[in-house]
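[1] got a predicted model here, sequence first, then my questions.
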Amino acid sequence: MNIFQHSLTLILTLFLSIPPTTQQQLANTDLNALQQITYSLTDVNSGRFFATWNFTSPEYACSTFAGITCSVIGSQVRVTALYLGTGLSSSPGLAGTIPESVYQLTELTQLILYAGIVTGFIPSEIGRRLKNLRVVSLTGNRLTGAIPASFSELQNLHTLDLSHNKLTGDIPPELASLPDLRVLILSHNNLVGEIPDLSNESKLIHLDISKNNLTGMLPGSIPVTLRYMSLSSNALWGPVQYMTSSNLIYLDLSMNKFSGPIPGILFTSSVTSLFLQRNNFSGLLTSFSRSRSSAYGPGTTVDLSHNFLSGEIPDFLSTVETLFLNNNHFSGEVPAAYVSNVFAGMMRTLYLQHNYLTGFPGGNSMVLPDGAALCLSYNCMVPPAVGLMACPASAGGPVSRPFRQCGVFRGGDTMG
């Protein structure tokens, strides 16, 4: 579990901590809604989850129903949190469809559907009638159709996770502007269209819309509160601008069609995990300086591989722990600072294969520390043996470029 998954777990834990359940009888409207749920959803592992949902008991106490939490509201005991499924990794989850009767649970603040094989549409009435919802998580199922536009009416919504489904259509444009929304995860779906404008007044801290079919350019601005943003594996294009969030730590724009130079703000800001691989970025990486509080060091990762970056490798990335610069048009010698940090164990991964580099300070007598990875294959030099031992299988081919490819560089191109 990485730091962002851990943070998300803490966020959900905060909102799942509701006053203890009561032994008083549930309100009839909620009992009816729960019964309707059992008609639409079944446990793939028969009997495990719904075993305690006994509608023949005269008690109907909240504590007798697995997966619900209740509170006394007025004079009635109402369901305030509904967790469908066990959430255990060993459980195949639930099957069926989400029943529209869910919207009868009008005091719900959390609606959680754990991973399973639930199909069908997300009922739009959820957004229209469950105005108290703070957390909606329907991840890891087979839900289809569009994200209900009515979700934009959930003014109290804090966390929305619809990831790992088969949702289609656009992202409702008002969704990202909800006043209390902090976590928005729509990754691993089939969403199309452009990224909605992200209001400067938005309070988002975590945005993940990766692995969809989104197109267009980046929005004009991003919220200053944002700490995690992943737009990976879409069809986004154009230059990268406006990345000015002072709190952004994790940024993944990989596997898109972004082009032009990489803006210096991405190197001088607080970003310590930067993934820009497999795009069409070009131009030089000039030297940038970072503040001491956001300096590269242990735990940092920068991946600029599979682009069209050229010129000499600058020194400012020499303190990154995991660095991928392979499959670009870099030329000149590998900076000495990189070499010393690799062999001192400070830089754990340095991939430089498939460039036009002409020299590597050091020789075959140098020994890589345990766990370090260095690859120098297919450059304009004969790499030392130590620079070939950790190359991935994808490096392939001869250890050096053909001489005809290693002419004079002008603007990143070779002259034969």
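    On my side now, so go ahead. Every value quoted in this text rests on a predicted model; they were computed, and no experiment measured them.

[2] domain parsing for this structure?
    1-167, 261-405 (automatic domain parsing).

[3] which of those domains has the lowest mean pLDDT?
    Lowest mean pLDDT within these: domain 1-167, a mean of 86.

[4] nearest spatial neighbour of Pro148, skipping sequence neighbours?
    Closest residue to Pro148 apart from its sequence neighbours, by C-beta to C-beta, 6 or more residues apart in numbering: Ser124 at 4.1 Å. For every residue, glycine as well, the C-beta is placed using N, CA and C.

[5] and whatever helix or strand Val339 lives in, what's buried?
    For Val339, the host element (DSSP states H and E) is helix 336-343. By 16 or more other C-beta atoms under 10 Å, the buried positions in helix 336-343 come out as 337-339, 341-343.

[6] same question, stretch 198-210
    Within stretch 198-210, the residues that count as buried by 16+ other C-beta under 10 Å are 198-199, 202-210.

[7] with secondary structure and pLDDT added, can I get those in TSV?
    As requested, the buried residues of stretch 198-210 are exported to TSV (DSSP: H, G, I helix; E, B strand; the rest coil; pLDDT from 0 to 100):
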residue	secondary structure	pLDDT
Leu198	coil	80
Ser199	coil	71
Ser202	coil	85
Lys203	coil	90
Leu204	coil	93
Ile205	coil	95
His206	strand	96
Leu207	strand	96
Asp208	strand	98
Ile209	coil	98
Ser210	coil	98
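
[8] follow-up on the earlier one: let me know the closest of the buried residues of helix 336-343 to Gly74.
    Gly74 lies nearest to Asn341 out of the buried residues of helix 336-343, by C-beta to C-beta, at 64.3 Å.

[9] tabulate the buried residues of helix 336-343 in a markdown table, adding columns for distance to Lys166.
    A markdown table is the format used below for the buried residues of helix 336-343 (distance: C-beta to C-beta, whole Å):
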| residue | distance to Lys166 |
| --- | --- |
| Ala337 | 48 |
| Tyr338 | 44 |
| Val339 | 48 |
| Asn341 | 45 |
| Val342 | 44 |
| Phe343 | 48 |
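
[10] identify the farthest-apart pair in those residues.
    Longest distance between any two of those is 11.4 Å, between Ala337 and Phe343; criterion C-beta to C-beta.

[11] which ones are touching Asn132?
    106-109, 156 (C-beta atoms under 8 Å, 6 or more residues apart in numbering).

[12] dump the residue contacts of the closest residue to Pro223 other than its chain neighbours.
    Excluding the flanking residues, the one nearest Pro223 by C-beta to C-beta, 6+ apart is Ser202, at 4.1 Å. With contact set as C-beta under 8 Å, 6+ apart, Ser202 has these partners: 176-177, 181, 223, 225.

[13] okay, helices next: where are they in the stretch 151-300 of the chain?
    With DSSP state H, counting those that start in this stretch, the ranges of helices along the stretch 151-300 of the chain come out as 265-268.
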